[in-house]
Structure formats: structure tokens, C-alpha cells
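Engineer: fold the stuff below for me.
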Amino acid sequence: MDDLHARVTQLERDVGDIRVKATSIEGKIDRISDKLDNVVTKNQLYGSVILALVATLTSILGGGWWLAREFLSPIIAQLGS
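Structural biologist: The predicted structure follows:
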């Protein structure tokens, strides 16, 4: 019977240690989860890159159109007259 009592006592200690470690792990998982909430996803990153590329391309094309209108229009007008 003493052996059974010793084994139960040891199990109770082990369960206490397991509870402490589980609580520690739970806290770490909560901190990781909080950090992951602030991480940019691939889709958000791709969307931002595509938006930046479209804005850049629009600016380049707009600038090219303005240059063509400002500099080529007078030349074409003179060639036509």
C-alpha cells in the first residue's frame, strides 16, 4: 500500500508540473497569436504591390501622353499646313 501511495504522490507532483508547463505554453501561444494578427498576409502584400505598379504605370503613360501632346502636336500641325 505504501508503494501505491508513493506512486499517487509522484503522479500528483507530475500533474502539477504538467499544469504549470501547459499554462506557460498557453501564454506563449497567446503571445504568438497576438503577433500574427499584425503580420501582413501574402494577399495584402501582393495587392499593395499591384496597386503601386498600376499607379506607376499610369503616371508613366500619363506623362508620355502629355509629352506627346505638348511636343508633337505643334510639329504635326506645322507639317500639315
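
Engineer: so which residue is dead centre in the protein?
Structural biologist: For the chain, Val40 is the residue whose C-alpha lies nearest the centre (CA atoms, centre = their mean; 1.3 Å).

Engineer: helices or strands up against the helix or strand containing Ala52?
Structural biologist: Here Ala52 sits within helix 42-67, counting by DSSP states H and E. Judged by 3 or more CB pairs under 8 Å, 6 or more residues apart in numbering; DSSP states H and E, helix 42-67 has no packing partners among the helices and strands. Where C-beta positions appear, they are placed from N, C-alpha and C, glycine not excepted.

Engineer: from the chain's centre, how far out does that helix sit?
Structural biologist: Centre-to-centre, helix 42-67 and its host chain are 21 Å apart (CA atoms, centre = their mean, to the nearest Å).

Engineer: going forward can the numbers begin at 35, since that is how I track them
Structural biologist: Sure thing, new numbering starts at 35, so read that last one as helix 76-101.

Engineer: what's the first helix or strand after that helix?
Structural biologist: Helices and strands here follow DSSP H and E; after helix 76-101, the next one along the chain is helix 107-114.

Engineer: pLDDT on that next one, on average?
Structural biologist: Mean pLDDT, computed over helix 107-114, is 84.

Engineer: return the set of buried residues in it.
Structural biologist: When burial is assessed from 16 or more other CB atoms under 10 Å, helix 107-114 yields no buried residues.

Engineer: CA-only coordinates of it in PDB, if you can.
Structural biologist: What follows is helix 107-114, C-alpha atoms only, in PDB (Å, rounded to 0.1, in the frame of the first residue of the first chain):
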ATOM      1  CA  SER A 107       1.200  68.500 -81.700                       C
ATOM      2  CA  PRO A 108       3.000  71.700 -82.900                       C
ATOM      3  CA  ILE A 109       5.300  69.600 -85.200                       C
ATOM      4  CA  ILE A 110       2.400  67.800 -86.700                       C
ATOM      5  CA  ALA A 111       0.400  71.000 -87.100                       C
ATOM      6  CA  GLN A 112       3.300  72.600 -88.900                       C
ATOM      7  CA  LEU A 113       3.700  69.600 -91.200                       C
ATOM      8  CA  GLY A 114       0.000  69.700 -92.100                       C
END
